[in-house]
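Colleague: sharing a model that was predicted from the sequence below.
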Amino acid sequence: ETGVTQTPRHLVMGMTNKKSLKCEQHLGHNAMYWYKQSAKKPLELMFVYSLEERVENNSVPSRFSPECPNSSHLFLHLHTLQPEDSALYLCASSQGGTGLAATDTQYFGPGTRLTVL
Amino acid sequence: DQQVKQNSPSLSVQEGRISILNCDYTNSMFDYFLWYKKYPAEGPTFLISISSIKDKNEDGRFTVFLNKSAKHLSLHIVPSQPGDSAVYFCAAALYNFNKFYFGSGTKLNVKP
């Protein structure tokens, strides 16, 4: 595998379910990101991890819980979601390190298309 | 309120002609801008960037222009090719922090 991979690619869940999205990067990067893209809306940054520490939590509801066990893996745990949480969830990684700068190019995975019934 | 806007949701261009994609931003503090391209079922891929100390950056067929006074940037693709058909996102950030604000995208269709 190369680049940034995400599983599953598609997920349908009920509002009472608990599920997790997985992201894995094979680029040797130190920073990882979760984004949400709702229909006809811009990408919204949700979480940023740098060197496995969360450095950004962009006012995301607690029903979304990220986990970064190591620099190659990032999870997004989902529980009691709402239908409006249906969206494309994108993971990205960047070289990162001790500091994050805008010139640190982000590499995106293909996304998980989530539908909440 | 959206800080980065792409007001044209779609654009159709003939192969060989120029494609011009536009992007406006509201925050004058933004000093780093970039464009991503996205094919269906794939994640966005980085295309080209520009910092606020420049007004133009060129990479092959792709040129990004920045007009700071108008808070406007544009992406020119010359000549356009059918393989350029994709959704293009512009994004803006503060140089020292890797938090980008994205536009909602423009779908480009290059007709053979």
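Modeller: Alright, I've got the coordinates. Numbers count the residues shown, from 1 in each chain, chains lettered A, B, ... in the order given.
Colleague: mind listing residues that contact the lowest-mean-pLDDT helix or strand in chain A?
Modeller: When the helices and strands of chain A are scored by mean pLDDT, DSSP states H and E, strand A:53-57 comes last with a mean of 80. For strand A:53-57, contacts defined as C-beta atoms under 8 Å, 6 or more residues apart in numbering or on different chains pick out A:45-49, A:66, A:68, A:100, B:99. Quick note: C-beta positions are derived from backbone N, CA and C, even for glycine.
Colleague: and B:G83, its phi and psi?
Modeller: phi -70, psi -10 (degrees, to the nearest 10).
Colleague: that one: neighbour count?
Modeller: Look at B:G83: counted by other C-beta atoms under 10 Å in any protein chain shown, it has 9 neighbours.
Colleague: so who does it touch?
Modeller: B:G83 sits next to B:V110 when contact means C-beta under 8 Å, 6+ apart.
Colleague: filter the contacts of strand A:53-57 to the buried ones?
Modeller: For these, a neighbour count by 16 or more other C-beta atoms under 10 Å in any protein chain shown gives the buried set as A:45-49, A:66, A:68, A:100.
Colleague: dump those to JSON lines, plus distance to A:G28 and secondary structure.
Modeller: Supplementary listing: the buried ones among the contacts of strand A:53-57 in JSON lines, determined by distance: C-beta to C-beta, whole Å; DSSP: H, G, I helix; E, B strand; the rest coil:
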{"residue": "A:L45", "distance to A:G28": "22", "secondary structure": "strand"}
{"residue": "A:M46", "distance to A:G28": "23", "secondary structure": "strand"}
{"residue": "A:F47", "distance to A:G28": "20", "secondary structure": "strand"}
{"residue": "A:V48", "distance to A:G28": "18", "secondary structure": "strand"}
{"residue": "A:Y49", "distance to A:G28": "15", "secondary structure": "strand"}
{"residue": "A:P66", "distance to A:G28": "21", "secondary structure": "strand"}
{"residue": "A:C68", "distance to A:G28": "15", "secondary structure": "strand"}
{"residue": "A:L100", "distance to A:G28": "16", "secondary structure": "coil"}
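Colleague: need these in CSV (columns: pLDDT and distance to chain B).
Modeller: Listed next are these as CSV, based on pLDDT from 0 to 100; distance: C-beta to the nearest C-beta, whole Å:
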residue, pLDDT, distance to chain B
A:L45, 92, 6
A:M46, 94, 11
A:F47, 93, 11
A:V48, 91, 7
A:Y49, 91, 12
A:P66, 95, 16
A:C68, 94, 16
A:L100, 74, 4
